[in-house]
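1. No sequence on hand, only this structure:
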């Protein structure tokens, strides 16, 4: 069943070490920022620590998901393996990011009438340290974020937190320059808005995968036309293409062989989908009589 075809593994699994290093760095800094934020009274620091907590959860979920995705199936029931675990981890990242954004907004509203002056030195020091940590993590994840939805979720979390660190530094400098502690709340709200927007964009990608939409940039009509152009093919129907997880595209199609065709178009169709469209796992049914009802599918 699931062992009938060998898979090279998901894209995220190949870069698990990058996730592991980022997780260790972010986890270590999270405690420092949270404690400093609570002691200094900075909402910007606390909000950034909340976003850092989202990073910890997201990176941890991504690491667990890559382990689950590469685990062999012992039940015989998971014929596609457990690769979708990475997509679910990205969904968790979306929920955590939205939760952090809502928390920041609630805290900002509650502090609107009694803003307190935070400890600026602590904000600057922790903001600078957080910026360094996040830049290191960004460097680790940037080059591979486009290969995996799972890694992309972690990358976007770290990117948001990088801007959060910049925001903390900016808030401290603005408060020092103007003497107005409300800048702390304004920057916190800006961080919340950015986090929410990135979460919604990532959530749309997650839903597209779970909804079995065609992969981004891939047009089913082009696949249909390419298959119809193969020698020996009279007709093509029931073309379906979707994404199992990042880097793993799947397709099915029914080909009707031309009556005068000398050979079987199956090999040519398989090679076309693999080499031109990047679909390594294709299930193709070859039919022999044009114009007859399709057998084997009723929806």
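-> Done, it's in. Nothing here was measured: the structure is a model prediction, and the numbers come from that model. Numbers count the residues shown, from 1 in each chain.
2. Now for the closest residue to residue 16 other than its chain neighbours, how many residues are close by?
-> Leaving aside its sequence neighbours, residue 16 sits nearest to residue 66 (C-beta to C-beta, 6 or more residues apart in numbering; 4.9 Å). (C-beta placed from N, C-alpha, C; glycine too.) If you count neighbours by other C-beta atoms under 10 Å, residue 66 ends up with 27.
3. Could I get the pLDDT score of residue 66?
-> Looking at residue 66, its pLDDT is 73.
4. State the distance from it to residue 222.
-> Residue 66 is 32 Å from residue 222, where distance means C-beta to C-beta, to the nearest Å.
5. In the protein, which strand is the longest?
-> If you go by DSSP state E, the chain has its longest strand at strand 233-245.
6. And the helix or strand just after that strand, what's buried?
-> Note on strand 233-245: by DSSP states H and E, the next helix or strand toward the C-terminus is strand 248-257. By 16 or more other C-beta atoms under 10 Å, the buried positions in strand 248-257 come out as 248, 249, 250, 251, 253, 254, 255, 256, 257.
7. residues touching the third one, list them.
-> Yep, that's residue 250 we're talking about. Residue 250 sits next to 241, 242, 243, 244, 279, 281, 282 when contact means C-beta atoms under 8 Å, 6 or more residues apart in numbering.
8. what does the second one give?
-> Remark: with contacts taken as C-beta under 8 Å, 6+ apart, residue 249 is in contact with 215, 218, 241, 242, 243, 277, 278, 279, 280, 281.
9. try residue 95
-> Listed by C-beta under 8 Å, 6+ apart, the contact set of residue 95 is empty.
10. That one is in what secondary structure piece?
-> Assigned by DSSP H and E, residue 95 belongs to helix 85-111.
11. That helix vs strand 233-245, what angle?
-> Comparing the axes of helix 85-111 and strand 233-245 via axes from the mean of the first three to the mean of the last three C-alpha atoms, to 10 degrees yields an angle of 50 degrees.
12. and after helix 85-111, which helix or strand comes next?
-> Sequence order places helix 120-142 as the next helix or strand after helix 85-111, per DSSP H and E.
13. outside of that following helix, which residues touch it?
-> By C-beta under 8 Å, 6+ apart, the list of residues contacting helix 120-142 reads 18-19, 21-22, 25-26, 29, 32-33, 36-37, 39-40, 42, 44-45, 48, 52, 151, 154-155, 158-159, 161-162, 164-166, 168-169, 171-173, 175-176.
14. Lowest mean pLDDT among the helices and strands, pick that one out for the chain.
-> Of all helical and strand segments in the chain, the minimum by mean pLDDT, DSSP states H and E falls on helix 11-14, at a mean of 56.
15. after it comes which helix or strand?
-> Once the chain leaves helix 11-14, the next helix or strand it forms, by DSSP H and E, is helix 16-40.
16. Any buried residues in that following helix, and which?
-> Buried, per 16+ other C-beta under 10 Å, within helix 16-40: 16, 18-19, 22-23, 25-26, 29-30, 32-34, 36-37, 40.
17. which helices and strands does that helix pack with?
-> Judged by 3 or more C-beta pairs under 8 Å, 6 or more residues apart in numbering; DSSP states H and E, helix 16-40 is in contact with helix 43-69, helix 120-142, helix 149-178.
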